[in-house]
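Trainee: build me a model from this:
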Amino acid sequence: MQLTSEELKTYDLQGYLLLPNCFAPGEVEVMRAEASALCLQDFAGKILKRDGKTVRMIHGAHLENKVFHRLVRHPKLVKPIMQLLGDSAVYIHRCSLNFKPAFEDTMWSWHQDSSYFCKNDGMPTDQAAIAIVFLDEVNEFNGPTLVMPGSHKEGLINPITEEEESLAIEEKQYLKSRRTQYMLSRPTVTKLVEKYGIVAPKGPAGSVLLFHPSCVHGSAANIMSPFNRTIAVIAYNSVENIPVAVENPRPEYVASRDYRPIEPLSEDVLLQAV
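Mentor: Got it, this is the predicted structure:
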């Protein structure tokens, strides 16, 4: 699978590209079943919500499961990613499963993934790329990823400045209640939205959202809908952008230090026996 020149141009301008129906229903069913199976297992990368029962994320899914080990090497992902990164060889920086069950309040504040990649993991530049695989239909009701198209052109944005820290009490309460590392504050979000707007890429299960890590994004809770929203999020990095050593690196299952380039597998790899 190769991206067209028009698709490459769209990604360059917007910072994202939606590819509907990349994976067939049978392939999606295999991935969804394996995601459910992983939720029943215990390993370091499984993150629960405060109730101690509901799974919020699974870091390192490709390290724990053969199907996701194959997914991250699928040619429908690897070949387009290599194009986006200038036909460079790539390795897998991370892979996670993100869960938003129906009637559930998980949300993700506005942020850039490149802040984590560069500041926490030591990437020299933000020239990585992300593939988000929809394991459920993503619609306007179940907490789709919200994107500010073109915001990747800003480069790394300071999450909270000293000026913003000294704002009114209500702003501090907002930060306290919603704070995640590298979250953007309300004034910053407002300015960016005025400049770039907001879109919510949606599509059927099996669709793929290719995504620049500096594109500002977040997602609302799925608390009102009866529809699950499960996605696989895979970050690829060029072997020409290998991270430098950092203090207190994130665990291997969150940010890989295996920089060996990967090779695309066969088209039918997801339907092979587990």
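
Trainee: isn't Pro261 up against Ile92?
Mentor: No - with contact defined as Cβ atoms under 8 Å, Pro261 does not reach Ile92; the gap is 9.8 Å. Using the backbone N, CA and C atoms, a C-beta is placed for each residue, glycine as well.

Trainee: of those two, which one has the most company?
Mentor: Ranked by neighbour count (other Cβ atoms under 10 Å), Pro261 and Ile92 place Ile92 first, with 21 against 13.

Trainee: helix or strand: which one has the more buried one?
Mentor: Counting by DSSP states H and E, the element that carries Ile92 is strand 90-100.

Trainee: what do you get for Lys191?
Mentor: helix 186-196.

Trainee: give the pairing partners of the next helix or strand after that helix; include direction for each.
Mentor: Moving toward the C-terminus from helix 186-196, the next helix or strand (DSSP H and E) is strand 208-211. Strand 208-211 sits in its sheet next to strand 16-19 (antiparallel), strand 128-134 (antiparallel), going by DSSP bridges.

Trainee: give me the distance from the shortest one to the chain's centre.
Mentor: Its chain's C-alpha centre and that of strand 16-19 lie 13 Å apart, by Cα atoms, centre = their mean, to the nearest Å.

Trainee: what average pLDDT does the helix or strand following it get?
Mentor: Reading on from strand 16-19 to the C-terminus, the next helix or strand found by DSSP H and E is helix 25-39. For helix 25-39, the mean pLDDT works out to 96.

Trainee: now helix 25-39 against strand 128-134, angle please.
Mentor: 100 degrees (axes from the mean of the first three to the mean of the last three Cα atoms, to 10 degrees).

Trainee: in helix 25-39, what counts as buried?
Mentor: 27-28, 30-31, 34-35, 38 (16 or more other Cβ atoms under 10 Å).

Trainee: tell me the one of the residues you listed nearest Val239?
Mentor: Met31 (26.7 Å; Cβ to Cβ).
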